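1. Quick one: sequence plus predicted model below, questions after.
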Amino acid sequence: NGNALAVWVQEGGPRRSIVANRYTAATNSWGTATLIETDDTGNANVPQIAIDTSGNALAVWTQDDGTENSIFANRYTASNNTWGTAAVIETDNVIGHSAGEPRIAIGADGNALAVWVQSDGTRDNIWANRYTIATGWGTAALIETDDAGGASSPQIAVDASGNALAVWFQSATNGNQFHNIWANRYQ
């Protein structure tokens, strides 16, 4: 119906925050910018947003807790024009296991998948978590298992039936350095 949501990093005060604003086509105007994360410990970066056919949305970003970067998410509900409460969607809180590069895709039914890069202390891996309207966020899961080299630059897309395809860049060493594009499918 022409409405839109935007998310961005807002500089100001002692740290960077994640802010959102909604454009309403019927009034041809933007609303009031809203802080959608409230963790005042460290900087927030790299926000991404996906919107379903009903105008509901999910935003993901990287949040520094002072020791590690974690992946956070927040949901916008169009029917009452409000954001929920930001929550961590990955649970690896081991020092040296920072997460980053979050991406999200949402299906027509409002269910979504998020992917990101997370270190295991030795190399970077690709992780995912699924959001369902009925139960919220699930449990984060490792979706690639090639331990030869690090993974980076994940992307994800969801089709009309709720199937998803995640792709990422994977480097490995086999005498010579080489790089591949890997994929994993959710159905």
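-> Great, that's in hand.
2. so for the helix or strand hosting Leu165, what's the average pLDDT?
-> Using DSSP states H and E, Leu165 maps to strand 164-174. For strand 164-174, the mean per-residue pLDDT is 84.
3. now the end-to-end length of stretch 10-25.
-> For stretch 10-25, the first-to-last residue distance is 24 Å (CA to CA, to the nearest Å).
4. same deal with stretch 84-103?
-> Its start and end residues considered, stretch 84-103 measures 19 Å (CA to CA).
5. swap in stretch 78-97?
-> Start and end residues of stretch 78-97 are separated by 35 Å (CA to CA).
6. Not counting its own residues, what contacts that stretch?
-> 3, 20, 22, 31, 34, 36-39, 54-57, 60, 63, 67-68, 70-77, 99, 114, 116, 118-121, 127, 129, 131, 137, 139-140 (CB atoms under 8 Å, 6 or more residues apart in numbering). C-beta: built from backbone N, CA, C; applies to glycine.
7. Buried ones only from those, please, as a ChimeraX command.
-> Only the buried members of these enter the following ChimeraX selection, criterion being 16 or more other CB atoms under 10 Å:
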select :20,22,36,37,39,55,56,57,60,63,68,70,71,72,73,74,75,76,99,114,116,118,119,127,129,131,137,140
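8. Among the contacts of stretch 78-97, which ones are in strands?
-> Under the assignment DSSP state E, the contacts of stretch 78-97 contribute 20, 22, 34, 57, 60, 63, 70-77, 99, 114, 116, 118-119, 127, 129, 131, 137 to strands.
9. residues contacting Tyr110?
-> One correction, residue 110 is Gly, not Tyr. Per CB under 8 Å, 6+ apart, neighbours of Gly110: 52, 54, 56, 133.
10. pLDDT weak spots in the protein?
-> For the chain, applying pLDDT under 70 flags the ranges 93-94, 173-178.
11. please redo it, this time with the cut-off set to 80
-> For the chain, applying pLDDT under 80 flags the ranges 12-13, 39-41, 66, 91-96, 145-148, 172-179.
12. Test of understanding: give the bridge partners of the residue lying closest to Val46 once chain neighbours are set aside.
-> Counting by CB to CB, 6 or more residues apart in numbering, Val46 lies nearest to Thr62, which is 4.8 Å off, once chain neighbours are set aside. Here Thr62 sits in beta bridges with Asn45, Ile71, going by DSSP bridges.
13. Thr62: neighbouring residues, count only.
-> Other residues within reach of Thr62 by the criterion other CB atoms under 10 Å amount to 23.
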